[in-house]
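> How does the following fold in three dimensions:
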Amino acid sequence: MNPPILKAMSDISLRLTVSPPPHWRSGRTIQGMMQAHLLALIPAAAMAAVMYGWRALSVVGMAGTAAVLTEVACLRLQKRDVDVDNYSALYAGVLFAFLLPATAAWWLAAMGGALTIALGRAVFGGFGCNPVCAPLVAWAVCRFSWPEAMDIDLNLAGFMANSPVDQLMYFGVGSLGQFDYMDLFMGRQLGGLGSSQVAAVAVGGLFLLAARWIRLFIPFGFLAGVAGTAAVYRLIDPTVYADPVFHLLAGSTMFGAFFLATDTASSPVGKIPQIVFGLIAGAMVVVIRAHGVYPDGVPFAIMVANLLSPLLERLRPKYFGVR
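Numbering: from 1, shown residues only. Now for the predicted structure:
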């Protein structure tokens, strides 16, 4: 009597291939990756402290601490090993803090740090299972729940500067003459306490690229998508739409390209999917800034692209002549 054939195993496309040892091991760990990412954020944190004072660092510390404590609580409730010493929870909390105004209340930083872990990661199974960048989930919940506490322009009204993306949205492209592009590049603009430090964020991003902790494709696609879409809008009507350089330097564009869009769990793996992912996210930034109700479209644009990641992973163009 012949043994029954399982349907799944009868389809060659569903078979798994397990190779014999030895296996290649890179030696890289999650702990090392998170340490490198935290190190890359130090220049932006330092520039934020210079611009906004030590209160900016207290917001970062509060969000990071809340994220770590929430991670401990979630892991204990799930009866899993507590591995907060890999710094992944701390890194997620710091990313959320970088999107806050520097004068954010302590409870907002703590609530956001906790939501980053509880809603952004734990409900999906923990680190590596989140379909959307976890800090952006917390940012969206806080933005909808406490819009006044999250408003950049309102909370930083005491500073002698304006938010460029807010000026563009409420007063049009004619109001952008007050901004010098070198000032925007050096972070002398109102925005998220760390995400608006363009030069410092770029330095951290280049460090991650040089150390090969992130690949070039997503940041390149993201920035190309922003610049290309802004150029198209600018050609349509230069009296209404800002130029590409403004969109690259204003708001959290650079932070999104190097630190948010490159989230390993919620972004594609393949080279072509990563490029398309970056292009879509970058294009959405300009579309949201031009037609949306929120000044800076970076968080929403990346969340939309995150949801497309499973479909983008299927992009595998065949060579010409191959069936």
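> Stretch 97-112: end-to-end distance?
From its first residue to its last, stretch 97-112 covers 8 Å (CA to CA, to the nearest Å).
> Tell me how far it lies from the chain's centre.
For stretch 97-112, the distance between its averaged C-alpha position and the chain's averaged C-alpha position is 17 Å (CA atoms, centre = their mean, to the nearest Å).
> Which parts of that stretch count as buried, going by neighbours?
Buried positions in stretch 97-112, judged by neighbour count with 16 or more other CB atoms under 10 Å: 97-104, 108-112. All C-beta atoms are positioned from the backbone trio N, CA, C, and that covers glycine.
> Please flag which of the residues you listed sit within helices.
Using DSSP state H, 97-98, 108-112 are the members of the buried residues of stretch 97-112 that sit in helices.
> Turn those into a markdown table, including pLDDT and distance to Phe217.
Formatted as a markdown table, those follow (pLDDT from 0 to 100; distance: CB to CB, whole Å):
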| residue | pLDDT | distance to Phe217 |
| --- | --- | --- |
| Ala97 | 95 | 27 |
| Phe98 | 95 | 23 |
| Leu108 | 95 | 34 |
| Ala109 | 95 | 33 |
| Ala110 | 95 | 35 |
| Met111 | 95 | 34 |
| Gly112 | 95 | 29 |
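> before we move on, what SS does Arg314 have?
coil (DSSP: H, G, I helix; E, B strand; the rest coil).
> What is the burial count for it?
9 (other CB atoms under 10 Å).
> Quick check: it vs Pro268, distance?
To Pro268, Arg314 is 10 Å away according to CB to CB, to the nearest Å.
> Just give me the closest of the ones in helices among the buried residues of stretch 97-112 to Gly192.
Nearest to Gly192 among these, counting by CB to CB, is Phe98 at 5.6 Å.
> Out of the buried residues of stretch 97-112, which is nearest to Ala281?
Checking the buried residues of stretch 97-112 one by one against Ala281 (CB to CB), the nearest turns out to be Leu99, at 15.7 Å.
> do you know how far the closest one is from Leu108?
The gap separating Leu99 from Leu108 is 11 Å, by CB to CB.
> Where does pLDDT dip in the stretch 1-150 of the chain?
Low-confidence segments of the stretch 1-150 of the chain (pLDDT under 70): 1-25.
> Would you map the helices across it?
7-10, 30-52, 55-77, 88-98, 106-118, 134-145, 147-150 (DSSP state H, counting those that start in this stretch).
> Among these, show me which one is buried the most.
Greatest average neighbour count among these goes to helix 88-98 (a mean of 28), per mean count of other CB atoms under 10 Å.
> what packs against that one?
Applying 3 or more CB pairs under 8 Å, 6 or more residues apart in numbering; DSSP states H and E, one finds that helix 88-98 contacts helix 30-52, helix 55-77, helix 106-118, helix 134-145.
> Nearest to Leu190, out of the helices of the stretch 1-150 of the chain?
helix 30-52 (9.4 Å).
> CA atoms of that closest one as PDB?
As requested, the backbone C-alpha atoms of helix 30-52 are provided in PDB (Å, rounded to 0.1, in the frame of the first residue of the first chain):
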ATOM      1  CA  ILE A  30      20.400  42.600  17.600                       C
ATOM      2  CA  GLN A  31      22.200  44.200  20.500                       C
ATOM      3  CA  GLY A  32      25.000  45.400  18.300                       C
ATOM      4  CA  MET A  33      22.600  46.700  15.700                       C
ATOM      5  CA  MET A  34      20.600  48.600  18.300                       C
ATOM      6  CA  GLN A  35      23.800  50.000  19.900                       C
ATOM      7  CA  ALA A  36      24.900  51.300  16.500                       C
ATOM      8  CA  HIS A  37      21.500  52.900  15.800                       C
ATOM      9  CA  LEU A  38      21.500  54.600  19.200                       C
ATOM     10  CA  LEU A  39      25.100  55.800  18.600                       C
ATOM     11  CA  ALA A  40      23.900  57.200  15.200                       C
ATOM     12  CA  LEU A  41      21.200  59.300  17.000                       C
ATOM     13  CA  ILE A  42      23.700  61.000  19.400                       C
ATOM     14  CA  PRO A  43      24.600  63.900  17.100                       C
ATOM     15  CA  ALA A  44      20.900  64.800  16.600                       C
ATOM     16  CA  ALA A  45      20.200  64.500  20.300                       C
ATOM     17  CA  ALA A  46      23.200  66.800  21.000                       C
ATOM     18  CA  MET A  47      22.100  69.400  18.500                       C
ATOM     19  CA  ALA A  48      18.600  69.300  20.000                       C
ATOM     20  CA  ALA A  49      20.000  70.000  23.400                       C
ATOM     21  CA  VAL A  50      21.900  72.900  22.000                       C
ATOM     22  CA  MET A  51      18.900  74.400  20.300                       C
ATOM     23  CA  TYR A  52      16.100  73.600  22.800                       C
END
